[in-house]
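Asks: sequence below, structure please.
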Amino acid sequence: MRKVSVLLFLAWVCFLFYAGIALFTSGFLLTRLELTNQSSCQELPGPGPLPWGSHGKPGACWMPSRFSRVVLVLIDALRFDFAQPQRSHVPGEPPVSVPFLGKLGSLQRILESQPHHGRLYRSQVDPPTTTMQRLKALTTGSLPTFIDAGSNFASHAIVEDNVIQQLNSAGRRVVFMGDDTWRDLFPGAFSQAFFFSSFNVRDLHTVDNGILEHLYPTLDGGSWDVLIAHFLGVDHCGHKHGPHHPEMAKKLSQMDQVIQGLIERLENDTLLVVAGDHGMTMNGDHGGDSELEVSAALFLYSPTALFPSVPPEEPEVIPQVSLVPTLALLLGLPIPFGNTGEVMAELFSGGSDSSHPHSSALAQVSALHINAQQVSRFLHTYSAATQDLQVKELHRLQTLFSKASARYQHFLRDPQEAEAALSTLTAEFQQFLRGARALCIESWARFSLSFLLLHLLAAGTPVATPGPFTVLWQAVSAWVLLATQTFYSTGHQPVFSAIHWHAAFVGFPDGHGSSTWLPALLVGANTFASHLLFAVGCPLLLLWPFLCERQGPKRRQPLPGSESEARVRPEEEEELQEPLMEMRLRDAPNHFNAALLQLGLKYLFILGAQILACALAASILRRHLMVWKVFAPKFIFEAVGFIVSSVGLLLGIALVMRVDVAVSSWFKKLVLAQQR
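Replies: This is a model prediction of the structure:
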C-alpha cells in the first residue's frame, strides 16, 4: 500500500464526514443574512405619492395612524386551541373533558356580543418555535433562524429594523413588564420596564404575579403609548406538567381574568392584542415544527368597531409575522425594513361603517400596496447582498409586483370600474406577498429530515483489518477522550458565551487594525488547540511502543525433551539480535503504511461516532426548550472540532510519512555504502 493511497483514502473518508455534517447543518441550523437597513417616514418604500387618505393627516407616515395606543399581552405558548371556545355538547357523543378548553371565556363573550370589535385568529408560526426567535419575528416581521449571519454571538440584541425601534424613533413611550429576554433583545429601549427572570421553568407564578402587581396601575397612570406584558405561566406549566394538567386550567383562567380586566379599562383610541408566541406539543415542549407547536392564538379587540363583518365560523389562519406590518401602519409607523408579513387588510376598512365601501376597499388596497413596496425593496436589497433566494422565482415575483404596482398607479389616476379593479389589485398584491413569504420560508425556515443519511454512511465506514503494527481500540479511544478532557480543563465550554474572545489580542495588545481573519484565527486556535494537537500527535500511538523497546538478544527455544535451554554462543549473539523499530519498518514498509491507515480510520471512526451522536441528539431534541441554547451550540463545536481534528490527523500522518521517506532514503544510502 503506497503512502499517497493512504492519504487519499483518509481524505476521502474525511470528505464523507464533511458532506454529512454539511447536509445536517443545511437542514438543522437554519441561516440567513441579517440586514441592518432601517425604514423611515422620510423615505417611502417605493416610487409614487403618499397613499390615498394620508395627505394632511397629523402624525401620518406611510399611512395615517388609526390608534394612539396599543396594549400587547403576550401569553407565552398560548396554543390556538387554548383560546378556542368550547363547543356545546352534542347529544349521543361523549362529553369532552380537557382542562385547557373553554377557560378563556372573555374572548368568546366579545366575539358574540361585539362581533365588529374583536376577532380571533389562528396564528401560523414559523420554526424554530423557541421564544427568542419568536420575539424577533413578532417585532421585525422577519423569519429568524438559529444563525442570523451578521449578528454578534456575544450579544442577543436585535440589530434589524423592528417595531420597538420605530416606536422609539417616533418618540412613543414603550413600557414593558415580564420575561427578561426582552432586556437582552432591546437594551435601553423602554421608558419603563419591570423584568422578571425566565430561567426557572418550574416556577409558574413569580413572573405572572410580578406583572399583575404593575399592570393595572401602569395602565391607569397613562404614562405610556405602548404597553407590553409578557406572561410566562402557561409556558412553564406546559414544561412542568403538560397541557392536560389541572394547573393549566388555573393558569388559563388567570389569563382570562387579566384580559377581562384590560377590556374594561381600555379607551377608544387603544387597541388590545392578545397573542401567543408559539404553541406546545402534547408533552408541553416546543422548538420544532409540528402542528401543535406552530399553531398559536391571536386576538384583537378595540372599544371602537374594527371589522366590517362578523367573525367567520372557523377563525382565519394568518402568518404570525403579519402582525408586524399591521401594527406599524395602524400606529402610523413605517413597516420594518426586513418584514415579510402580509398586512391584515380588513383592519383598514373603517370598521362596521358600510356607507363608503369604495373608500374602505381603497384603504385596504393602499395598505397592501405599501406592504408590497416594502417587501419588494427588501427582496431587492437582500438578493443583492447574498444568493440565498431562488433567482427564477425572485424574478417572477418582481415582475408580478411591477405589473400590479403599475395597475395601482393607473387606477389612482383614472378610477373607473372601481369595485372590479380594487378586487383584482387586492388579489395581485396578496399573491405577491404570499409568494415572497413562501420564497423566504423555502430558504430560511424549513427543517430537513434527510440530513443524517450521508452522515450515517460516513460513520459506518469500515476499518481496515489488523496488521503487525496494531494500536488497540482502547488506546485510540483514550487519546480522543484525552483531547476532549483537555478542551474542558483549559476553561472552554461548547457555548458561544464561553469563548475566550480575549485570545484575539494575544501578542496584539493594540489591536489588529482593519484585519478580521487574524483575530478569528487566534480565537479559533485558542478554542480548538487540544483537538489540533492531539490529532497531529495521533501517529505517536503507533510509534510509541517501538520508542520504548530495548535491544536484547533473542533466545532460542529449547528443543523438546532437552533438559535445559540451548546456550547461545557469543559469536551467534549478534545474529540473534531483535531488530529495532527502524529495521522492522524497513523489512515491512507496506505493513507500516497499512497500520497508519488503520490508526487513522479508527481515530476518524471514534470522532465520527461523537459527531453522529451529537447530531442525533440535536435532531431528536429540536423541540426542546433549550435546543438553541445547548444542543445546537454543542453540535457546532463538535462539528468544528471534528474538522480541525481530521485536518490535524492528515497533517500528522503526512508528517510521519515524510519522516519515514527520509529514513528510508538514508537507510538505502547506508546499505549501498556497506556493500562497497
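Asks: find the helix or strand that residue 366 is a member of.
Replies: helix 357-385 (DSSP states H and E).
Asks: surely residue 203 is in contact with residue 237?
Replies: No: contact between residue 203 and residue 237 fails when scored by Cβ atoms under 8 Å: they sit 10.2 Å apart. C-betas here are computed from N, CA, C, even on glycine.
Asks: which one's more surrounded, the two?
Replies: In terms of neighbours (other Cβ atoms under 10 Å), residue 237 is the more surrounded of residue 203 and residue 237; the figures are 27 against 16.
Asks: please name the residues that touch the more buried one.
Replies: Taking Cβ atoms under 8 Å, 6 or more residues apart in numbering, we find residue 237 in contact with 204, 245, 247-248, 251, 284.
Asks: same thing but 7 Å
Replies: 204, 245, 247-248, 251 (Cβ atoms under 7 Å, 6 or more residues apart in numbering).
Asks: where do the strands sit along the protein?
Replies: 31-33, 69-75, 118-124, 147-149, 174-179, 192-196, 226-231, 270-275, 295-301, 317-319 (DSSP state E).
Asks: average pLDDT across the longest helix along the chain?
Replies: If you go by DSSP state H, the chain has its longest helix at helix 632-675. Per-residue pLDDT over helix 632-675 has a mean of 86.
Asks: what packs against it?
Replies: Judged by 3 or more Cβ pairs under 7 Å, 6 or more residues apart in numbering; DSSP states H and E, helix 632-675 is in contact with helix 3-28, helix 529-536, helix 581-587, helix 589-620.
Asks: only the buried residues of the helix holding residue 366, if you could.
Replies: Of the residues in helix 357-385, 360-379, 382-383 count as buried by neighbour count, 16 or more other Cβ atoms under 10 Å.
Asks: what of stretch 645-655?
Replies: Neighbour count says stretch 645-655 has 645-650, 652-654 buried, by 16+ other Cβ under 10 Å.
Asks: also stretch 14-26?
Replies: Neighbour counts over stretch 14-26 (16+ other Cβ under 10 Å) mark 14, 16-18, 20-21, 23-25 as buried.
Asks: out of everything not next to it in sequence, what's closest to residue 389?
Replies: Spatial nearest neighbour of residue 389, chain neighbours left out: residue 383 (5.4 Å); criterion: Cβ to Cβ, 6 or more residues apart in numbering.
Asks: do the same with residue 251
Replies: Nearest to residue 251 is residue 233, by Cβ to Cβ, 6+ apart, at 4.6 Å.
Asks: pretty sure that neighbour is touching residue 204, no?
Replies: Yes: the pair residue 233 / residue 204 is scored as a contact, 5.0 Å apart, by Cβ atoms under 7 Å.
Asks: anything in contact with each of those two?
Replies: Common neighbours of residue 233 and residue 204, using Cβ under 7 Å, 6+ apart, are residue 251.
Asks: got the residue ranges for the helices in the stretch 451-600 of the chain?
Replies: Assigned by DSSP state H, counting those that start in this stretch, the stretch 451-600 of the chain shows helices spanning 453-459, 473-489, 517-527, 529-536, 540-548, 570-573, 581-587, 589-620.
Asks: now the second one: buried residues?
Replies: Read it as helix 473-489. 476, 479-480, 483, 487.
Asks: on that earlier part again, pipe the buried residues of stretch 645-655 into JSON lines and attach distance to residue 288 per row.
Replies: JSON lines is the format used below for the buried residues of stretch 645-655 (distance: Cβ to Cβ, whole Å):
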{"residue": "645", "distance to residue 288": "30"}
{"residue": "646", "distance to residue 288": "30"}
{"residue": "647", "distance to residue 288": "33"}
{"residue": "648", "distance to residue 288": "35"}
{"residue": "649", "distance to residue 288": "35"}
{"residue": "650", "distance to residue 288": "37"}
{"residue": "652", "distance to residue 288": "40"}
{"residue": "653", "distance to residue 288": "41"}
{"residue": "654", "distance to residue 288": "43"}
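Asks: before we move on, back to that, nearest to residue 217, of the helices of the stretch 451-600 of the chain?
Replies: Set against residue 217 and scored by Cβ to Cβ, the helices of the stretch 451-600 of the chain come closest in helix 589-620, at 44.5 Å.
Asks: now that closest one: how far from the chain's centre is it?
Replies: Offset of helix 589-620 from its chain centre (Cα atoms, centre = their mean, to the nearest Å): 29 Å.
Asks: just use 48 as the starting number from now, easier for me
Replies: Sure, I'll start counting at 48 from here, so that last one is helix 636-667.
Asks: now do it against helix 520-536, angle only.
Replies: 50 degrees (axes from the mean of the first three to the mean of the last three Cα atoms, to 10 degrees).
Asks: could you list every helix and strand in contact with helix 636-667?
Replies: Counting contacts by 3+ Cβ pairs under 7 Å, 6+ apart, helix 636-667 packs against helix 50-75, helix 500-506, helix 520-536, helix 587-595, helix 679-722.
Asks: could you redo the last one with a cut-off of 10 Å?
Replies: For helix 636-667, the packing partners by 3 or more Cβ pairs under 10 Å, 6 or more residues apart in numbering; DSSP states H and E come out as helix 50-75, helix 500-506, helix 520-536, helix 576-583, helix 587-595, helix 628-634, helix 679-722.
Asks: report the helix or strand with the lowest average pLDDT across this protein.
Replies: helix 500-506 (a mean of 47; mean pLDDT, DSSP states H and E).
Asks: what sits opposite the nearest residue to residue 366 once chain neighbours are set aside in the beta ladder?
Replies: Closest residue to residue 366 apart from its sequence neighbours, by Cβ to Cβ, 6+ apart: residue 171 at 5.2 Å. Note on residue 171: beta-bridge partners residue 342, residue 366, judged by DSSP bridges.
Asks: which residues touch residue 171?
Replies: Residues near residue 171 by Cβ atoms under 10 Å, 6 or more residues apart in numbering: 127, 341-343, 345, 364-369.
Asks: of the residues you listed, buried ones?
Replies: So, by 16+ other Cβ under 10 Å, the buried ones in the contacts of residue 171 are 127, 341-343, 345, 365-369.
Asks: could you redo the residues you listed as a markdown table and give each row distance to residue 226 and pLDDT?
Replies: Formatted as a markdown table, the buried ones among the contacts of residue 171 follow (distance: Cβ to Cβ, whole Å; pLDDT from 0 to 100):
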| residue | distance to residue 226 | pLDDT |
| --- | --- | --- |
| 127 | 21 | 95 |
| 341 | 20 | 91 |
| 342 | 21 | 94 |
| 343 | 16 | 96 |
| 345 | 18 | 97 |
| 365 | 24 | 96 |
| 366 | 23 | 95 |
| 367 | 17 | 95 |
| 368 | 20 | 95 |
| 369 | 23 | 96 |
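Asks: can you count the residues close to the residue lying closest to residue 376 once chain neighbours are set aside?
Replies: The shortest distance from residue 376 to any non-neighbouring residue, by Cβ to Cβ, 6+ apart, is to residue 110 (4.7 Å). The number of residues packed around residue 110, counting by other Cβ under 10 Å, is 26.
Asks: just checking, residue 110 touches residue 412?
Replies: No: if you go by Cβ atoms under 10 Å, residue 110 and residue 412 don't touch, sitting 11.8 Å apart.
Asks: out of the buried residues of stretch 61-73, which one sits closest to residue 711?
Replies: Closest approach to residue 711 among those (Cβ to Cβ): residue 61, at 26.4 Å.
Asks: mind listing what's buried in stretch 283-293?
Replies: 283-286, 288-290, 292.
Asks: ok, these vs residue 354, which is closest?
Replies: Out of the buried residues of stretch 283-293, the member with the shortest distance to residue 354 (by Cβ to Cβ) is residue 290, at 30.0 Å.
Asks: since that was my last question, I'll sign off now.
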